[in-house]
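# Here's my sequence, what's the structure:
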Amino acid sequence: METKTSFKDLNLLPALERALTEQGYTHPTPIQEKSIPGLLLGHDLIGIAQTGTGKTAAFTLPILQRMPKKGPRTLKTLVLTPTRELAAQIGDSFSAYGEFLNFKHTVIFGGVKQGRQVQALTKGVDIVVATPGRLLDLMDQGKINLNNIEFFVLDEADRMLDMGFINDIKKVIAKLPQKRQSLFFSATMSPEINKLAKSLLTDPIHVEVTPQATTVELIKQHIFFIDRPSKEHLLLELLRQKHLTRVLIFTRTKHKANRVALFLNKHDIASDAIHGNKSQNARTKAISDFKSGEIKILVATDIAARGIDIDNISHVINFELPNEPESYVHRIGRTARAGTDGVAYSFCSAEEREYLHDIEILIKQKIKVEDHTFHSETAKNATGKAAKPAPKGNRTFSRNKRSNNRPKHGFRR
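Predicted structure coming up:
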């Protein structure tokens with residue numbers, strides 16, 4: 001029988017091993033096992049991996065080990081990431097894994113005043129985790145320079161490009177020293193991303209883990225055909241079941257995320273919403289409350305949720321199906337972290353039927369259809385124009401519209 005690799009086999013510093021033990025980690029995930037040895041030798045790396053595979057530890061551990069332990073405190077490590085939430089979580093990882101090492105780090109991002117961030121930089125830090133916009137602002141102000149960078153990480157490169165950060169990334173790379181170790185992570189590889197990787201890396205090692213299909217196969221998926229006005233009622237019915245202990249709900253729009261959270265709170269189900277229009281403090285508090293169990297429901301849009309790394313999410317509910325099938329895979333992967341099983345419920349109204357068709361083509365499987373109180377044959381059998389969203393100008397609000405479907409038995413699982 002093959003022996004499972006432990007962190008002790010990876011030749012990490014005793015201080016890092018101790019921190020991992022205190023965090024409850026004894027065995028590396030596949031990306032950690034494949035990446036850490038080469039990174040400890042100083043190689044560049046290109047990693048194809050989704051959030052939840054353990055990729056953050058795959059780069060934080062080698063960086064903490066290889067950073068110079070003596071000399072003046074200068075900025076030696078830069079991690080560039082697309083969202084505030086992901087930046088904060090990577091900062092938390094450096095704190096946790098580096099608990100018994102002598103180093104300082106800070107996280108810089110937009111949406112908040114820059115005073116504290118500048119103060120931390122002025123005092124001196126070894127590591128900065130940053131989003132592109134605020135980093136460039138501080139560089140332009142002369143508050144930060146990258147002359148001494150030895151380790152550079154570009155995380156979630158595909159999302160960076162999706163969010164329009166390509167020019168900002170190129171500006172940052174242009175300011176980096178030629179001699180450095182560079183790490184590049186992306187969930188997917190397109191020609192544009194491949195071109196960016198080649199411009200950044202020198203003779204990199206390649207690591208690829210958890211293909212999309214593997215993640216999907218770990219998740220019990222269920223589809224609920226339903227008329228749009230009945231979605232909130234089905235949501236209440238599901239959330240009142242005790243085994244839905246920590247639930248992430250996805251909507252397509254910020255407005256809908258707010259409405260769903262408001263509806264649930266009115267029905268005594270503690271919840272909050274996160275999206276781009278929320279202040280940074282409000283988003284941070286919502287995520288903290290969700291992690292701590294203060295609220296058991298978090299409603300999110302795709303961009304706001306990208307990079308949120310929260311363990312033990314029992315269920316993902318797609319209140320609205322995404323219009324891009326790849327987003328479905330990213331969404332439901334939140335409930336299958338680092339190889340664990342998960343459950344995903346998706347609501348599909350008639351106008352979302354084509355979205356479902358595209359999703360099933362991508363994941364190469366039919367999602368199990370659930371019979372439930374509000375089941376809609378109209379949604380299930382929609383084709384042609386009826387299976388697509390109406391043009392924006394023709395959409396009508398259906399807040400008070402009643403479903404014509406006769407209630408049957410409740411769904412239990």
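# The closest residue to residue 378 other than its chain neighbours and residue 328: what is the separation?
Of all residues not flanking residue 378 in the chain, residue 350 sits nearest, at 5.4 Å (Cβ to Cβ, 6 or more residues apart in numbering). Every residue, glycine included, has its C-beta placed from N, CA and C. From residue 350 across to residue 328, the span is 18 Å (Cβ to Cβ, to the nearest Å).
# so where do the strands sit in the stretch 1-150 of the chain?
Under the criterion DSSP state E, counting those that start in this stretch, strands of the stretch 1-150 of the chain are mapped to 45-48, 77-80, 105-108, 127-130.
# Which elements pack onto the first one?
Spelled out, it's strand 45-48. When contacts are defined as 3 or more Cβ pairs under 8 Å, 6 or more residues apart in numbering; DSSP states H and E, strand 45-48 packs onto helix 30-40, helix 55-66, strand 181-186, strand 205-208.
# Deepest in the core, which of these is it.
Neighbour counts (mean count of other Cβ atoms under 10 Å) averaged over each of the helices and strands packed on strand 45-48 peak at helix 55-66, with a mean of 25.
# where in the stretch 201-350 of the chain is pLDDT low?
Applying pLDDT under 70 to the stretch 201-350 of the chain picks out residues 210-215, 303, 306-309, 336-340.
# Between residue 350 and residue 328, point out the one with more neighbours.
Higher neighbour count among residue 350 and residue 328: residue 328, with 29 against 22, using other Cβ atoms under 10 Å.
# excluding its backbone neighbours, what's nearest that one?
Distance criterion Cβ to Cβ, 6+ apart; nearest residue to residue 328, sequence neighbours excluded, is residue 359 at 4.8 Å.
# can I assume the one you found sits in a strand?
No. According to DSSP: H, G, I helix; E, B strand; the rest coil, the state of residue 359 is helix, so it is not within a strand.
# before we move on, the earlier item: need the helices and strands packed on strand 45-48 in a markdown table with distance to residue 94, can you?
Shown next, in a markdown table, are those (distance: least, Cβ to Cβ, whole Å):
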| stretch | distance to residue 94 |
| --- | --- |
| helix 30-40 | 15 |
| helix 55-66 | 6 |
| strand 181-186 | 14 |
| strand 205-208 | 21 |
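# Point out the one among the ones you listed that comes closest to residue 274.
helix 55-66 (19.8 Å; Cβ to Cβ).
# got the angle between that closest one and helix 30-40?
Helix 55-66 and helix 30-40 are oriented at 20 degrees to each other (axes from the mean of the first three to the mean of the last three Cα atoms, to 10 degrees).
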